[in-house]
Each structure stands twice: as structure tokens, then as C-alpha cells.
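Chemist: this one's structure only:
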């Protein structure tokens, strides 16, 4: 399924959810910036998260393989505005998003990943 990862996530009122981040300047100082939270931001953050229960349940070889695959997918999403993903990849993103984000963000992200409007 073709997914547009540049879509903004909206709050319950239908307004874009702000995302605050710090950018390191060439002189070493930091600058706070605000942008809208996108499906890309949510998916990459979820794919890059560590989960303590996984570390306890899986051996290090198996966990390393899972992390490598998640990292590879995170980079693909980060570097592309749209991607044609397999259903297994979409399911993995949904599972991870559901573990770390709030209910409204999860609901909005799931709709986008299912190709539905918010």
C-alpha cells in the first residue's frame, strides 16, 4: 500500500499537533524549533524505540535482527515522502506506534496507515 508519510497528525480539534525539537547549529549552540507532527515522525520514532520486555523475551541474535530490520525501515521512511509498504511492515509500524503514543495519535496514525482519512 502506498503511504504518504508527510501527512500531519491532528489533535481532537482537528489542528496539527506541534512537535518541538532542538537543532544543533554550526557554532555548537542549539535552537528550538517547532513543526507539525507528521506520520513520518511518529513512524520513525516508533521504529527506533527500545522496549525492555523485548530485551527480556528474545535472545540477542534475534533481537539484533529485529532491530536491524526496524532501523532499515525507519531510514526508508525518513528518506522518502511516500513508500509502497507491505502489509507486514504496516502492521509492525502500527504495533510499535500503539506502544509509545497517546490514543489520539495512535488513532490518527492507524487511519493514515490504513489509507483512510482522519
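Modeler: Here it is on my side, so go on. Since this is a predicted model, take the numbers as computed values, not measurements. Residues are numbered from 1 along each chain as shown.

Chemist: and the end-to-end length of stretch 15-33?
Modeler: Distance between the two ends of stretch 15-33: 18 Å, counting by Cα to Cα, to the nearest Å.

Chemist: Okay, buried residues for that stretch please.
Modeler: Under the neighbour-count criterion of 16 or more other Cβ atoms under 10 Å, stretch 15-33 has 17, 19 buried. C-betas here are computed from N, CA, C, even on glycine.

Chemist: any residues touching it, and which ones?
Modeler: The contact list for stretch 15-33 (Cβ atoms under 8 Å, 6 or more residues apart in numbering) reads 8, 9, 10, 11, 34, 35, 36, 37, 38, 41, 105.

Chemist: model confidence over that stretch, on average?
Modeler: Averaged over stretch 15-33, pLDDT sits at 90.

Chemist: hmm, back to that, pick out the most distant pair among the contacts of stretch 15-33.
Modeler: 34 and 105 (16.8 Å; Cβ to Cβ).

Chemist: More neighbours: those two, which one.
Modeler: residue 105 (19 against 8; other Cβ atoms under 10 Å).

Chemist: Distance of that one relative to residue 29?
Modeler: For residue 105, the distance to residue 29 equals 31 Å [Cβ to Cβ, to the nearest Å].

Chemist: Name the strands paired with the helix or strand residue 33 falls within and say parallel or antiparallel.
Modeler: Taking DSSP states H and E as the criterion, residue 33 maps to strand 30-36. Strand pairing for strand 30-36, determined by DSSP bridges: strand 18-24 (antiparallel).

Chemist: ok, the spatially most central residue of the chain - contacts?
Modeler: Centroid check for the chain by Cα atoms, centre = their mean gives residue 43 as the closest residue, at 1.3 Å. Applying Cβ under 8 Å, 6+ apart to residue 43 gives the contacts 5, 74, 77, 93, 97, 109.
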